[in-house]
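Peer 1: Got a predicted model here, sequence first, then my questions.
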Amino acid sequence: MPAAAPNTETPTRVVVADDSAMMRQIVSSSLTRAGVRVVGSARNGDEALAICEREQPDALMLDLTMPGLDGIGVLRALRQQGRSDMPVVVVSAFSPTQGARAVDALAEGAFDLVAKPKPGEGLDGFAAALVAKVRAAAAARGRARKPNGGAFSPRRSRTTRISRAVVIATSTGGPRALAELVPKLPAPLGIGTLIVQHMPPGFTRSLAARLDQASKLTVAEAQGGEILDPRVALIAPGGRHLRICDDGRTLLSDEPEIGSLRPRADLTIEDAARVFGERTLLVVMTGMGSDGLVGAAEIRRRGGRILVEAEESCTVYGMPRAIREADLADEVLPLGELAQAIVEEATA
């Protein structure tokens, strides 16, 4: 029997920074078992920066609460040193304070967020999320962005001008994209706005609060039972699906995860298409995977409109790519042009 071909793929190299020795061991072991090479372990931010300077890793796994220079300080230091291309995955416990700090970290340039396991929780889900996000971070670092003015899909013209319900779906890179998009949107806007952002339970409330402070729209985490309001944008809570009942009221669901996701944007989008029909506008922005594709097909079938973010401005060109490649997008636009397009599409 011939010998198996050697594995020549270069492993992803990461640095792990956390003030807890136990958490550093858990994170390092989880990554090592998946074939990721841990090239350094730091107890605080200063150590993390020094190791990153020496090892030049593909990604940094970063806790936010550390003695001396904390996680936010590390992100700012990387930017000041001209190393903002270093992908940083925040590994954070949840509390109201930590939730706000995690959202701050994403705004400061962190690539993505993984919630630390709670006491008594198994480690399998945590390890899987950790590995997926560190690999995506490393891959995104090497992806060349297209220059402005690249070729976009031709716009499919509208035959009617009506108010629409706006559904925004996003994942990795979404908090930063939303921070640029949502403050540009007017109030009132269409029938109302729903946002599905893939985040762990607890953190979406902090995201909503941050967006609310900067926006004309009132931005809040959905509680269930709301009727869409043109002056309000509701964010699906992390850990729950956001559904829409036949009477237009929101419903929070604890149905099982779909593709490891809860909330799942497809469910919200399909419900919106069923309830609002052609009066639905779907906006899909940066994110891993293809969540939103099934819902987009239903939007198209019922006569709604679909905008997707262009590759040039995406942190991860996954969710928009899936819809564009299925030829479902009415228009493909860079992030900076989406707000005006949403206003044009969603208002009568």
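Peer 2: Noted; the coordinates are in hand.

Peer 1: for the helix or strand containing V167, what is the average pLDDT?
Peer 2: Assessed by DSSP states H and E, V167 sits inside strand 165-170. Strand 165-170 carries an average pLDDT of 98.

Peer 1: for stretch 318-333, same thing?
Peer 2: On average, stretch 318-333 scores 97.

Peer 1: Can I get that stretch in CSV, CA atoms only?
Peer 2: In CSV, the C-alpha atoms belonging to stretch 318-333 read as follows (Å, rounded to 0.1, in the frame of the first residue of the first chain):
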residue,chain,number,x,y,z
GLY,A,318,-19.8,34.6,3.0
MET,A,319,-23.4,35.4,3.5
PRO,A,320,-23.5,38.1,0.8
ARG,A,321,-21.6,35.8,-1.6
ALA,A,322,-24.1,33.0,-1.2
ILE,A,323,-27.0,35.3,-2.3
ARG,A,324,-25.1,36.9,-5.1
GLU,A,325,-24.0,33.6,-6.5
ALA,A,326,-27.6,32.4,-6.4
ASP,A,327,-28.5,35.5,-8.5
LEU,A,328,-31.0,36.6,-5.9
ALA,A,329,-29.6,40.1,-5.2
ASP,A,330,-31.3,43.2,-6.7
GLU,A,331,-28.2,45.2,-6.0
VAL,A,332,-24.7,44.7,-4.6
LEU,A,333,-23.3,47.7,-2.8
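
Peer 1: in it, what's buried?
Peer 2: 318-324, 328-333 (16 or more other Cβ atoms under 10 Å). Yep, even glycine has a C-beta here, placed from its N, CA and C like the rest.

Peer 1: same check, this time on stretch 204-213
Peer 2: 204-212.

Peer 1: now the helices for the stretch 1-150 of the chain?
Peer 2: Ranges of helices in the stretch 1-150 of the chain, per DSSP state H, counting those that start in this stretch, are 21-33, 45-55, 71-80, 96-107, 124-141.

Peer 1: The stretch 151-300 of the chain now?
Peer 2: Using DSSP H, counting those that start in this stretch, helices in the stretch 151-300 of the chain cover 174-181, 203-214, 265-276, 293-301.

Peer 1: Deepest in the core, which of those is it.
Peer 2: helix 265-276 (a mean of 24; mean count of other Cβ atoms under 10 Å).

Peer 1: quick one: A100 and S206 touch, right?
Peer 2: Yes. If you go by Cβ atoms under 8 Å, A100 and S206 touch, sitting 4.4 Å apart.

Peer 1: residues making contact with stretch 127-141?
Peer 2: Stretch 127-141 is contacted from outside by 12, 14, 27, 30-31, 33-34, 36, 58-59, 61, 85-89, 91, 111-112, 114, 172, 260, 288, 315-316, using Cβ atoms under 8 Å, 6 or more residues apart in numbering.

Peer 1: What subset of these is buried?
Peer 2: 12, 14, 27, 30-31, 34, 36, 58-59, 61, 86-89, 91, 111-112, 114, 172, 288, 315-316.

Peer 1: need the contact list for L234.
Peer 2: 192-195, 220-222, 226, 228, 242, 250.

Peer 1: quick check, nearest of those to A272?
Peer 2: The closest of these to A272 turns out to be L194 (Cβ to Cβ; 7.0 Å).

Peer 1: and that closest one, what does it touch?
Peer 2: 165-168, 222, 228, 233-234, 236, 242, 244, 250, 268, 272.

Peer 1: Which residue is the nearest non-sequential neighbour of it?
Peer 2: Nearest non-adjacent residue to L194, counting by Cβ to Cβ, 6 or more residues apart in numbering: V167, 5.0 Å away.

Peer 1: Name the nearest residue to M86, sequence neighbours excluded.
Peer 2: Going by Cβ to Cβ, 6+ apart, M86 has L78 as its nearest residue, at 5.4 Å.

Peer 1: Now do the one you found: how many residues are near it, please.
Peer 2: 21 (other Cβ atoms under 10 Å).

Peer 1: Model confidence at it, what's the number?
Peer 2: For L78, the model assigns a pLDDT of 94.

Peer 1: show me where pLDDT drops low in the stretch 101-250 of the chain?
Peer 2: 142-160 (pLDDT under 70).

Peer 1: one more time with 90
Peer 2: 107-109, 117-125, 138-161, 200-202 (pLDDT under 90).

Peer 1: For E309, find the nearest of the helices of the stretch 151-300 of the chain.
Peer 2: Nearest to E309, of the helices of the stretch 151-300 of the chain and by Cβ to Cβ, is helix 174-181 at 7.2 Å.

Peer 1: Show me what the closest one is packed against.
Peer 2: helix 96-107, strand 165-170, strand 192-197, helix 203-214, helix 335-346 (3 or more Cβ pairs under 8 Å, 6 or more residues apart in numbering; DSSP states H and E).
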